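Participant: sequence first, predicted model second:
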Amino acid sequence: MSIELKQRLHDAIEACHAIQSFTGGITYEQYADNLLLRSGVERQFEILGEALGKAEILNPELSHSIPDIRRIVGMRNRIIHGYDSVDDEIIWDAVQTHIPGLLRTLSATLSVTP
């Protein structure tokens, strides 16, 4: 695995950890009412999508081990380019239902990718 690919995967893992750290122990209502928190979570999704987009360019086979990679990059694009139509409920759902599994997948991918 190239150093650059490894770094991109590490960046994605760090973004997942940050999202979990920011949102641990809070409710959706607390999230929705806190602009600073929403901004921080959205920024980490931007980093996550950018890192995985660059990683996929370096290794197109990543789509086999990270099947949602295109959707993650798409979410990043929506947050950045469609900032005025970001749905807090969709972001919160991703935090609660997708980040834990993605973190496991990324860790496994990093440990087995040659």
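Facilitator: Received it, and whenever you're ready, just let me know what you need. Numbers count the residues shown, from 1 in each chain.

Participant: so, low pLDDT: which residues of the protein?
Facilitator: Residue ranges of the chain with pLDDT under 70: 112-114.

Participant: again, only using 90
Facilitator: 1, 67, 83-85, 110-114 (pLDDT under 90).

Participant: and the end-to-end length of stretch 88-105?
Facilitator: Length of stretch 88-105, first residue to last, C-alpha to C-alpha, to the nearest Å: 24 Å.

Participant: mind listing what's buried in it?
Facilitator: By neighbour count on 16 or more other C-beta atoms under 10 Å, the buried set for stretch 88-105 is Ile91, Trp92, Ala94, Val95, Ile99, Leu102, Leu103, Thr105. Placement of C-beta: from N, CA and C, glycine included.

Participant: give me the most central residue, the chain.
Facilitator: Leu48 (3.7 Å; C-alpha atoms, centre = their mean).

Participant: contacts for stretch 95-114, please.
Facilitator: With C-beta atoms under 8 Å, 6 or more residues apart in numbering as the test, stretch 95-114 has contacts from 1, 5-6, 9-10, 12-13, 16-17, 19-20, 23, 31, 41, 59, 62, 65-66, 68, 72.

Participant: so which of those residues belong to helices?
Facilitator: The members of the contacts of stretch 95-114 that map onto helices under DSSP state H are 5-6, 9-10, 12-13, 16-17, 19-20, 23, 31, 41, 62, 65, 72.
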